[in-house]
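> Sequence plus predicted model, see below.
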Protein chains: 2
Amino acid sequence: MPRIVMKFGGTSMAGIERIRAVAERVKREAEAGNQVAVVVSAMAGETDRLVQLCKEAAALYDPREYDVVVASGEQVTSGLLAITLQGMGLNAKSYMGWQLPIRASGHSAALIENIDVDVLERVFDEQGIAVIPGFQGVTSEGAVATLGRGGSDTSAVALAAAMKADRCDIYTDVDGVYTTDPRIVPHARKLDMVTYEEMLELASVGAKVLQTRSVGLAMRYNMPLTVLSSFEDKPGTMIVGEDFALGHIEESDMERNVITGIAHDKNEAMVTLTGLPDKAGTVAAIFAPLAEANINVDMIVQSVPRAGEPSVLTFTVPTASLAHSVAELNKVKSAIGFDEILTDTNVVKVSAVGVGMRSNAGIAAKMFQTLAERGINILAITTSEIKVSVLIPEEYTELAVRVLHTAYGLDAEQELTQ
Amino acid sequence: MPRIVMKFGGTSMAGIERIRAVAERVKREAEAGNQVAVVVSAMAGETDRLVQLCKEAAALYDPREYDVVVASGEQVTSGLLAITLQGMGLNAKSYMGWQLPIRASGHSAALIENIDVDVLERVFDEQGIAVIPGFQGVTSEGAVATLGRGGSDTSAVALAAAMKADRCDIYTDVDGVYTTDPRIVPHARKLDMVTYEEMLELASVGAKVLQTRSVGLAMRYNMPLTVLSSFEDKPGTMIVGEDFALGHIEESDMERNVITGIAHDKNEAMVTLTGLPDKAGTVAAIFAPLAEANINVDMIVQSVPRAGEPSVLTFTVPTASLAHSVAELNKVKSAIGFDEILTDTNVVKVSAVGVGMRSNAGIAAKMFQTLAERGINILAITTSEIKVSVLIPEEYTELAVRVLHTAYGLDAEQELTQ
């Protein structure tokens, strides 16, 4: 008998009418012969409200008690969904994180350590449906734990892995993963399928459909994920392993694009150090204190000076870490002996992502050429096996995303108007 | 070291500002050298909101899932109070019903079976404060249980008994128990002290300060209760055993009234059966089906007929059970052979309550005379060791309460205006 996990986000659970629609979907899957576990988020806005209450109660709130408060949102929706399913004649029960239990590592942004599936096996033996609050678990001391914002996606994938589900369906308020942000490119196409690696690159650079952690976990357990809409009945986007994706492509989609999507991320700030002395160990001396301060340095460009002359070093850090970075650099400024620290937050990182680029030369070249044709200046470049990213001035964001989307053949075919 | 339980109701917990005021009171008791356990209600209105969600989810909601949903209100306030206390430098932690555990008998209106105090003893050993959500426990199957509306009072008293507390203080939105409803009698006096028995009579006939169940529990464990205001700093009303009360009276209050208070209850409906045959077993045949249907018959008056002639039987039932009562009576009507079932919901039960009446003749006589002087017709009478109740037409409610309050010497002395 196939086993599935269905996960519903906050907008899908916002109010009894929507919970009823969720229950209808669950009923359909159960009646189609699946063993179903449902993972639910709190009603949209509820977690924010509870977090705000904790902040008002004390500026430095205790993570243990914070977890007690914020875990209540999912407790409410899981009970309400169980009641609604029962009202439709289904045998449904809720199980809190401490009841299964879902063991978690600590408080406030805990990791899931393991999930006991004995209770679930019993539920499935009795043709039951288990409703499980996302975002929560229990510590080894028996205290309520939460997994960090967006943690319900991770709950769903971890549960799917623990119960050896055939798939994990993530119902949300968008209908899938797109080739790029449809607000920028109206002709963006919904992707039928992406690989875990592509999704990780797309998520970390802007496509906020799924918690990144949950995608990493799905990849580790090779658990097929599907992102789809709670509100419409149409296929979503499957997120799968590369083998599966390649098999699928050969069968159905010979012309799959080399590039899967274009992402952009405005959350990067550029730091430039001038007048760096040309001696061994200078670059290491700059990045060591940043690494110690847990600041994630991304793109790095060093001008090549003439021997013995000072050079210029440019790199990016998350905008939220910029002030901290400058403070750390000022501490080592005199020891290293550079001239100035220049910063710029009006930059954006634009990335082309796709597993197909491994076997295709010219992907980066096409990007540079396309941008150059529009007179867009590239400030820094970084590449990985499945991604090429450039840093450009922020004002060119939309233009760059649009021209790259077209250049890589991602635009949806437009209907001809007569 | 003295041990106390402090319980705060929903209006006391409604919002962070009020929770901060609660925390100040807790801090004061802790700093005065008490070991403190705090029991909290959900924020005012929250339980109603959650119950409403359950009702909307399914008309016949499952009590197990109902409990999961509604228990969340107290989970939130207990976490928030713990955070607030920590913010004031106190060592406070919350413990849910399942964490202590507080064992409960079932769902939705569960009874507390026992409370494990090992965790609490450890908290007190470490100079800690335990914050415990009221209204909840855990079943033998490990499911969340709730105790029925108003159950937080019962949680507090049960906890006080289990941890052998010296007293249990119930903070609420009124400042104590009054001789009667101050909305009817502006000169009603706040009582310094009432006995458990008096409180039970006053509560069950209208003075809704404390859940009746919690008073019964306090009586069983001889746990001194104090009802006092969360919002004002003044002594409340102690609810104690009769021995304690009598000792206290001798010391401080030689002129304590024989009557403690006047209560009224509009929740009674009068049923009159006419033309009852004069034969053995008729009355038993009428009350047996009502007892089987769990309908609580209260005041009973039978007219004394001449031998062999039909009689009239009048009694009261809770208004909520009236339709059910009539249906049951109609089933046995032809078998018993009475003429008519007359009903009247425009009646009120007015009671004079006081342990002192045991040793005082003339209490009932004074009531009948006082009402007769105002032309108030008495429809039925019932008495217990510490209570005299009469059923009268509802339109006389305020008049009857006022004249009895005066007749029994309960009016507060009025300040003279110059």
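That came through, no problem.
> Would you map the helices across the stretch 51-200 of chain A?
All helices of the stretch 51-200 of chain A, identified by DSSP state H, counting those that start in this stretch, fall at A:63-70, A:72-87, A:118-125, A:151-162, A:196-204.
> and those helices as TSV, adding distance to chain B?
Yep, even glycine has a C-beta here, placed from its N, CA and C like the rest. What follows is those, written out as TSV (distance: least, CB to the nearest CB, whole Å):
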stretch	distance to chain B
helix A:63-70	4
helix A:72-87	3
helix A:118-125	10
helix A:151-162	16
helix A:196-204	31
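> Turn these into CSV, columns for distance to A:V26 and mean pLDDT.
Shown next, in CSV, are those (distance: least, CB to CB, whole Å; pLDDT from 0 to 100):
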stretch, distance to A:V26, mean pLDDT
helix A:63-70, 25, 96
helix A:72-87, 6, 98
helix A:118-125, 14, 97
helix A:151-162, 13, 96
helix A:196-204, 25, 85
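> Just send those back as CSV, with mean neighbour count and distance to B:I115 too.
Below are the helices of the stretch 51-200 of chain A laid out as CSV (neighbours: other CB atoms under 10 Å in any protein chain shown; distance: least, CB to CB, whole Å):
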stretch, mean neighbour count, distance to B:I115
helix A:63-70, 25, 19
helix A:72-87, 28, 22
helix A:118-125, 15, 25
helix A:151-162, 27, 31
helix A:196-204, 24, 47
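> Can you pull the phi/psi pair for A:A269?
phi -120, psi 140 (degrees, to the nearest 10).
> so what's it up against?
Contacts for A:A269 were tallied using CB atoms under 8 Å, 6 or more residues apart in numbering or on different chains; they are A:T316, A:V317, A:P318, A:T319, A:S321, A:L322, A:T343, A:D344, A:T345, A:V347.
> So the residue lying closest to A:A156 once chain neighbours are set aside: helix, strand or coil?
Counting by CB to CB, 6 or more residues apart in numbering or on different chains, the nearest residue to A:A156 once its immediate chain neighbours are dropped is A:K7, at 3.6 Å. The assignment at A:K7 comes out as strand when based on DSSP: H, G, I helix; E, B strand; the rest coil.
> can you check A:V312 too?
Quick answer, by three-state DSSP: A:V312 is strand.
> residue contacts, it?
A:V312 touches A:T272, A:L273, A:T274, A:G275, A:L276, A:Q302, A:S303, counting by CB under 8 Å, 6+ apart.
> Select from those every entry located in strands.
With DSSP state E as the criterion, strands contain A:T272, A:L273, A:T274, A:G275, A:L276, A:Q302 from among the contacts of A:V312.
> so what's the second one scoring on pLDDT?
Each residue has a pLDDT score; the one for A:L273 is 94.
> Bridge partners for it, pull those for me.
On the basis of DSSP bridges, A:L273 is bridged to A:L313, A:I341.
> residues contacting it?
A:I286, A:V312, A:L313, A:T314, A:L329, A:F338, A:D339, A:E340, A:I341, A:L342.
> In terms of helices and strands, where is the first one?
Of the helices and strands defined by DSSP states H and E, A:I286 is found in helix A:282-292.
> Would you mind writing the CA trace of that helix as PDB?
What follows is helix A:282-292, C-alpha atoms only, in PDB (Å, rounded to 0.1, in the frame of the first residue of the first chain):
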ATOM      1  CA  THR A 282      47.600  38.900   3.300                       C
ATOM      2  CA  VAL A 283      44.300  37.300   1.900                       C
ATOM      3  CA  ALA A 284      44.400  34.600   4.600                       C
ATOM      4  CA  ALA A 285      44.800  37.300   7.300                       C
ATOM      5  CA  ILE A 286      41.700  39.100   6.000                       C
ATOM      6  CA  PHE A 287      39.400  36.100   5.800                       C
ATOM      7  CA  ALA A 288      40.400  34.300   9.000                       C
ATOM      8  CA  PRO A 289      38.700  36.800  11.400                       C
ATOM      9  CA  LEU A 290      35.600  36.800   9.300                       C
ATOM     10  CA  ALA A 291      35.400  33.000   9.400                       C
ATOM     11  CA  GLU A 292      35.900  33.100  13.100                       C
END
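> re earlier: for PyMOL, write a command that selects the buried ones of the contacts of A:L273.
Filtering the contacts of A:L273 down to the buried ones (16 or more other CB atoms under 10 Å in any protein chain shown) takes a single PyMOL command:
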select buried, chain A and resi 286+312+313+314+329+338
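> and the residue in the stretch 201-350 of chain A that chain B sits nearest to, what does it touch?
Closest approach between the stretch 201-350 of chain A and chain B, counting by CB to the nearest CB: A:S230, at 17.1 Å. Shown in contact with A:S230 (CB under 8 Å, 6+ apart): A:F8, A:G9, A:T11, A:S12, A:R18, A:A21, A:V22, A:R25, A:Y171, A:T172, A:D173.
> mind redoing it with 6 Å?
Taking CB atoms under 6 Å, 6 or more residues apart in numbering or on different chains, we find A:S230 in contact with A:S12, A:Y171.
> Look at it and report its pLDDT.
93.
> Look up the pLDDT of the residue nearest the centre of chain A for me, please.
Using CA atoms, centre = their mean, the residue of chain A that lies closest to the mean C-alpha position is A:T212, 3.1 Å off. A:T212 is assigned 84 on the pLDDT scale.
> ok, for it, nearest residue in space, not its chain neighbours?
A:A203 is the one closest to A:T212 (CB to CB, 6+ apart), at 4.8 Å.
> do A:R103 as well
A:E113 (4.4 Å).
> Chain B versus the one you found, what's the distance?
19 Å (CB to the nearest CB, to the nearest Å).
> That residue and A:L147, how far apart?
11 Å (CB to CB, to the nearest Å).
> Which of these two has more residues huddled nearby?
A:L147 (29 against 15; other CB atoms under 10 Å in any protein chain shown).
> That one: what's it in contact with?
A:A110, A:F135, A:T154.
> How about A:G97?
A:G97 touches A:Q136, A:G137, A:V138, counting by CB under 6 Å, 6+ apart.
> 7 Å - rerun?
A:P133, A:Q136, A:G137, A:V138 (CB atoms under 7 Å, 6 or more residues apart in numbering or on different chains).
> of those, list those near chain B.
Among the contacts of A:G97, not one lies near chain B by CB under 7 Å from any CB of the partner chain.
> got those residues as CSV, with neighbour count columns?
Shown next, in CSV, are the contacts of A:G97 (neighbours: other CB atoms under 10 Å in any protein chain shown):
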residue, neighbour count
A:P133, 30
A:Q136, 27
A:G137, 31
A:V138, 22
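> now these in JSON lines, with pLDDT?
Listed next are these as JSON lines, based on pLDDT from 0 to 100:
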{"residue": "A:P133", "pLDDT": "98"}
{"residue": "A:Q136", "pLDDT": "97"}
{"residue": "A:G137", "pLDDT": "97"}
{"residue": "A:V138", "pLDDT": "97"}
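> Quickly name whichever of the residues you listed is closest to B:I378.
Of all these, B:I378 sits closest to A:P133, with 57.5 Å by CB to CB.
> And the closest residue to A:E121 other than its chain neighbours, how far from chain B?
Sequence neighbours aside, A:M163 is the residue nearest to A:E121 in space, at 8.0 Å (criterion: CB to CB, 6+ apart). Here the criterion is CB to the nearest CB. By it, A:M163 lies 20 Å from chain B.
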